[in-house]
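Participant: Starting from these lines, generate the structure:
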Amino acid sequence: MICYKDKTFCASDCVNTECWRNFTDEERENSIKWWGGEGAPIAMADFSKDCDGYKKPRDKLAEYCHK
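Facilitator: Numbering: from 1, shown residues only. Down below sits the predicted model:
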């Protein structure tokens, strides 16, 4: 099966924006251009359990306390 960039992007809740598997808004826009519209085949998987670069999002209480 063909998919965008022939790679699997991460679908976890990770907040590491520097990760090469991060599916950014820019990647989304580029996939639309590549496909010629919405609905591009994009491979997604949750790599959080085995990824050394996984960054857990802060919860709302922690964000409130760190203001």
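Participant: Strands of this protein, residue ranges please.
Facilitator: 8-10, 43-45 (DSSP state E).
Participant: residues making contact with the first one?
Facilitator: Spelled out, that is strand 8-10. 19, 21-23, 27, 42-48, 51 (CB atoms under 8 Å, 6 or more residues apart in numbering). Where you see a C-beta, it was placed from the backbone N, CA and C, and this is true even at glycine.
Participant: give the contact list for Lys55.
Facilitator: 14-16.
Participant: Next, find the distance separating it from Cys10.
Facilitator: Separation of Lys55 from Cys10 (CB to CB, to the nearest Å) stands at 11 Å.
Participant: Which of the contacts of Lys55 are buried? Put it as a ChimeraX command.
Facilitator: Buried residues within those, by 16 or more other CB atoms under 10 Å, are selected in ChimeraX with:
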select :14,16
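Participant: and of the contacts of Lys55, the nearest to Trp35?
Facilitator: Proximity of the contacts of Lys55 to Trp35 (CB to CB) peaks at Cys14, which lies at 24.9 Å.
Participant: right, and that closest one touches Lys49 too?
Facilitator: No - the pair Cys14 and Lys49 does not pass the contact test of CB atoms under 8 Å, sitting 11.0 Å apart.
Participant: Which parts of this structure are helices?
Facilitator: Here the chain has its helices, by DSSP state H, at 25-35, 60-65.
Participant: which one of these has the lowest average pLDDT?
Facilitator: When the helices of the chain are compared by mean pLDDT, helix 60-65 comes last with a mean of 61.
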